[in-house]
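> structure for the following, please:
(chains A and B)
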Amino acid sequence: DTGVSQDPRHKITKRGQNVTFRCDPISEHNRLYWYRQTLGQGPEFLTYFQNEAQLEKSRLLSDRFSAERPKGSFSTLEIQRTEQGDSAMYLCASSRRAGSNTEAFFGQGTRLTVV
Amino acid sequence: AQSVTQLDSQVPVFEEAPVELRCNYSSSVSVYLFWYVQYPNQGLQLLLKYLSGSTLVESINGFEAEFNKSQTSFHLRKPSVHISDTAEYFCAVNPQAAGNKLTFGGGTRVLVKP
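This next block holds a predicted model:
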């Protein structure tokens, strides 16, 4: 169990550029979640996958955001035409199975700064 | 919808003193309750959770939290803190009938002073 891995750990980009983040969940986990955490706030849910199926998207996930999990393993989160308001920590988490009592394991996050 | 309020954004405390982190939640449905901890430069880790049964739950490192349904609270306590407890603590809820979609509070930063 190597834990949830996120890459890159830090990303600085100019406004208007596209960025893509990667998340590798714990290998036997079939649920994968993305959260966003802005400074001084707790994480906010963005979306989650059951295997390769994206089951729910938050209203926070505008049309500029897209997430994929093509083979039910790793996931990518892409932000197009970045804005300064997108600056945040993007967290990925995974869990072994469905169920709201199941522990979610979090990665260390990708910190995005849009300048 | 659910919401979680952590009443203190920062709590300075001396080593070996007790600490209490307050958490109140609002929900129209039954929820499970969690405390996560984030040590410097690390990811969120589950500290403890309340699912059912005894309203007092404990972690392996001496923290405990008590679920109070009437007050919709899930306060976290430790009778004697260590320097290593310096971290940010997040209270979270998850609707029992939904998938694992946590709603977090804003976090409480605990700074343990020698």
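
> low-confidence regions, the chain specifically.
Chain wasn't specified; assuming chain A. Scanning chain A for pLDDT under 70 picks out the ranges A:1, A:98-100.

> you answered for a different chain; I wanted chain B.
Judged against pLDDT under 70, the low-scoring parts of chain B cover residues B:98-99.

> list the residues that contact the residue in chain B that chain A sits nearest to.
Of all residues in chain B, residue B:104 sits closest to chain A, with a separation of 3.2 Å (C-beta to the nearest C-beta). In short, each C-beta sits where N, CA and C put it, glycine included. With C-beta atoms under 8 Å, 6 or more residues apart in numbering or on different chains as the criterion, the residues that contact residue B:104 are A:42, A:43, A:44, B:4, B:36, B:90, B:91, B:92.

> please apply the same query to residue A:115.
When contacts are counted by C-beta under 8 Å, 6+ apart, residue A:115 is found next to A:12, A:13, A:14, A:15, A:84.

> partners of the first one in the sheet?
On DSSP bridges, the residues paired with residue A:12 through beta bridges are residue A:113.

> I'd say it and residue A:111 touch.
No. Here residue A:12 lies out of contact with residue A:111, judged by C-beta atoms under 8 Å, at a distance of 9.0 Å.

> higher neighbour count, those two?
A count of neighbours by other C-beta atoms under 10 Å in any protein chain shown puts residue A:111 above the other of residue A:12 and residue A:111, at 16 against 12.

> please work out which residue of chain A is closest to chain B.
Among the residues of chain A, residue A:42 lies closest to chain B, at 3.2 Å counting by C-beta to the nearest C-beta.

> right, and that residue touches residue B:90 too?
Yes. Between residue A:42 and residue B:90 a contact is recorded at 5.3 Å, counting by C-beta under 8 Å.

> so those two - more neighbours on which side?
Higher neighbour count among residue A:42 and residue B:90: residue B:90, with 25 against 22, using other C-beta under 10 Å.
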